[in-house]
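Engineer: have a look at this prediction, sequence included:
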Amino acid sequence: QVQLDESGGGLVQAGGSLRLSCAASGRTFRHYALGWFRQAPGKEREFVAAIRWSGESTYYADSVKGRFTISRDNAENTVYLQMNSLKPEDTAVYYCAAHDSILSITNTYGYNYWGQGTQVTVSS
């Protein structure tokens, strides 16, 4: 079992940066691949980025590649999402999740544990 708690969201101007954090509790944190997803009003939840338990493999949606960076600190039970060059279309609630299935690491349905989400708003 993993419990996840996101923080770091807020309001930022286009071109700015934010760093999201996701603190996890549970002894098996380091066994999970972790992902970030987002959901804008009226849209489905979409994959943003993911990282394997070792941190050696990372995955990004095309829309954020080159702007966002996912990282994790297993000693601190925390995963991060550094977001640079933010755009208004990045506005959404961002969720942290733990991957626990045979489904693809980019598949929303492959994640069984979710945080409550943190709002990111990018103004133009």
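Structural biologist: Received it, and whenever you're ready, just let me know what you need. Residues are numbered from 1 along each chain as shown.
Engineer: what's in contact with stretch 5-12?
Structural biologist: Surrounding stretch 5-12, the residues in contact under the criterion Cβ atoms under 8 Å, 6 or more residues apart in numbering are 18-25, 86, 94-96, 115-123. For every residue, glycine as well, the C-beta is placed using N, CA and C.
Engineer: restricted to buried residues, select those in ChimeraX.
Structural biologist: Selection of buried members from the contacts of stretch 5-12 for ChimeraX, criterion 16 or more other Cβ atoms under 10 Å:
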select :18,20,21,22,23,24,86,94,95,96,115,117,118,120,122
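Engineer: would you map the strands across the chain?
Structural biologist: If you assign secondary structure with DSSP state E, the strands in the chain sit at 3-7, 10-13, 18-25, 33-39, 46-51, 58-60, 68-73, 78-83, 92-99, 111-114, 118-123.
Engineer: adding mean pLDDT, write the ones you listed out as TSV.
Structural biologist: Shown next, in TSV, are the strands of the chain (pLDDT from 0 to 100):
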stretch	mean pLDDT
strand 3-7	95
strand 10-13	98
strand 18-25	95
strand 33-39	96
strand 46-51	97
strand 58-60	97
strand 68-73	95
strand 78-83	96
strand 92-99	96
strand 111-114	92
strand 118-123	98
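Engineer: in JSON lines: those, plus distance to Ile105.
Structural biologist: Conversion of the strands of the chain to JSON lines gives the following (distance: least, Cβ to Cβ, whole Å):
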{"stretch": "strand 3-7", "distance to Ile105": "16"}
{"stretch": "strand 10-13", "distance to Ile105": "27"}
{"stretch": "strand 18-25", "distance to Ile105": "16"}
{"stretch": "strand 33-39", "distance to Ile105": "5"}
{"stretch": "strand 46-51", "distance to Ile105": "5"}
{"stretch": "strand 58-60", "distance to Ile105": "6"}
{"stretch": "strand 68-73", "distance to Ile105": "11"}
{"stretch": "strand 78-83", "distance to Ile105": "13"}
{"stretch": "strand 92-99", "distance to Ile105": "6"}
{"stretch": "strand 111-114", "distance to Ile105": "9"}
{"stretch": "strand 118-123", "distance to Ile105": "21"}
